[in-house]
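>>> predicted structure and sequence below. I'll ask about it afterward.
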Amino acid sequence: MIDSQRWLWMAGLLVLGGLLYLLHPILSPFLVGILLAYMGDPLVDRLERWKLSRTWGVIAVFALFSLVLAILLLVLVPMLGKQLMRLYELVPQMLDWIQHQALPWVQLKFGLAEGFWRFDQLKAAFSEHLGKTTDIVGIILAQVTASGLALLGWLANLLLIPVVSFYLMRDWDLLMARLRELLPRRREAVVVKLVSECHEVLGAFLRGQLLVMLALGVMYATGLMLIGLELGLLIGLLAGLASIVPYLGVVVGLGAAMAAGLFQFGVDFYPLLGIAIVFTVGQMLEGMLLTPLLVGDRIGLHPVAVIFAIMAGGQLFGFTGVLLALPVAAVIMVLVRHVNDLYKLSALYRESSDASDEPSSRA
């Protein structure tokens, strides 16, 4: 590649980065639409193989997505709302229990000073805000009515998501073919190989790890609710979401469930044993069934890369950055792997071994 072409590519990348930075406030519905189209395209392709037209396949997939969304809105969201309100009400009681039962035991075991823990101020703050729930609702309503244009913009973005995802899902294969036609002929094979590896990494995460998260969240929530844990649904779904990083879900979920179980059941052995069994069975099913079945041996993103990408994307671009974080991390991971391969094939990498071999050959 000559110098002028390099500068042209660098300028194009800078312009693209600048446009993304300037337009990121309006990119969220388009990125969500692209994500839905990307995840729904394999389902549509399978329906096409069953002799269904592309448009009707997209309609069928949209009907499935709509059914899942309706179940979430009608069943799951109200239940979660009740548990969140219950948690908000229980926080002062939990602080009382921590202050008068848990912390004295810890102080006795570790020989800490009497005034080492100071929970009075925290408890007073929660108790003060607890009585302002109705005021919070009033503030939210006032903000909504005061910023009617912002509310209309938010609703417009929400309605834009299904429109964008429908057209992208319907024309996905056509768009991919058109983009491939635009590639330089001499570089087509290399670019297609890189894109295929990015697709493998990202697909393994999105279509695999997200399904594992969903299955674990359902299992944890169902098991904890069967035990009778009052906040079982909330803790189970939280553990499922935390499973985006391997082993983090079981650590977060088990810790939160044990704390809630101690508060609700005291030192009763059997409910606590049931909580431990729920998470143990969940981990066994994840390792022996869910991950091999849904993710397989495909190369996924490293857990540290996932954490850093999400945090960095959110810090730089907010919600839009969170949506862009994982695709960008997948592309960077594939490019770094290829740069590493090129480096090991270069003379710079093999220079030391060649130099060390030279004296031995002379001897």
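Ah, there it is. All figures in this text were calculated on a predicted structure; none of them were measured in a lab.

>>> low-confidence regions, the stretch 151-300 of the chain specifically.
151, 295-300 (pLDDT under 70).

>>> now do the same contact list for the one residue sitting closest to the centre of the chain.
Ranked by distance to the mean C-alpha position of the chain (CA atoms, centre = their mean), the top residue is Ile244 at 5.7 Å. Residues near Ile244 by CB atoms under 8 Å, 6 or more residues apart in numbering: Gln209, Met213, Val306. (C-beta placed from N, C-alpha, C; glycine too.)

>>> if we use 10 Å, what do you get?
Phe205, Gln209, Leu210, Val212, Met213, Leu301, Pro303, Val306, Ile307, Ile310, Leu326 (CB atoms under 10 Å, 6 or more residues apart in numbering).

>>> equivalent analysis for Glu286, please.
When contacts are counted by CB under 10 Å, 6+ apart, Glu286 touches 212-213, 215-216, 219, 243, 246-247, 249-250, 292, 294-295.

>>> where does it land in three-state SS?
Glu286 falls in the helix class when you classify it by DSSP: H, G, I helix; E, B strand; the rest coil.

>>> quick thing: my sequence starts at 829, can you match it?
From this message on, residue numbering opens at 829, which makes the last subject Glu1114.

>>> buried only: go through the contacts of Glu1114 for me.
Val1040, Met1041, Ala1043, Leu1044, Met1047, Ser1071, Pro1074, Gly1077, Val1078, Leu1122, Val1123 (16 or more other CB atoms under 10 Å).

>>> end-to-end on stretch 922-929?
10 Å (CA to CA, to the nearest Å).

>>> in that stretch, which residues are buried?
Met922, Leu923, Trp925, Ile926, Gln927.

>>> quick one on the thing from earlier: using JSON lines, lay out the buried ones among the contacts of Glu1114 together with secondary structure.
Converted to JSON lines, the buried ones among the contacts of Glu1114 look like this (three-state DSSP):
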{"residue": "Val1040", "secondary structure": "helix"}
{"residue": "Met1041", "secondary structure": "helix"}
{"residue": "Ala1043", "secondary structure": "helix"}
{"residue": "Leu1044", "secondary structure": "helix"}
{"residue": "Met1047", "secondary structure": "helix"}
{"residue": "Ser1071", "secondary structure": "coil"}
{"residue": "Pro1074", "secondary structure": "coil"}
{"residue": "Gly1077", "secondary structure": "helix"}
{"residue": "Val1078", "secondary structure": "helix"}
{"residue": "Leu1122", "secondary structure": "helix"}
{"residue": "Val1123", "secondary structure": "helix"}
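
>>> may I see the residues you listed arranged in CSV, with distance to Arg1178 as well?
Converted to CSV, the buried ones among the contacts of Glu1114 look like this (distance: CB to CB, whole Å):
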residue, distance to Arg1178
Val1040, 41
Met1041, 43
Ala1043, 47
Leu1044, 46
Met1047, 51
Ser1071, 42
Pro1074, 36
Gly1077, 44
Val1078, 44
Leu1122, 41
Val1123, 36
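
>>> looking at those, which is nearest Tyr849?
Closest to Tyr849 out of the buried ones among the contacts of Glu1114 is Met1041 (30.1 Å), distances taken as CB to CB.
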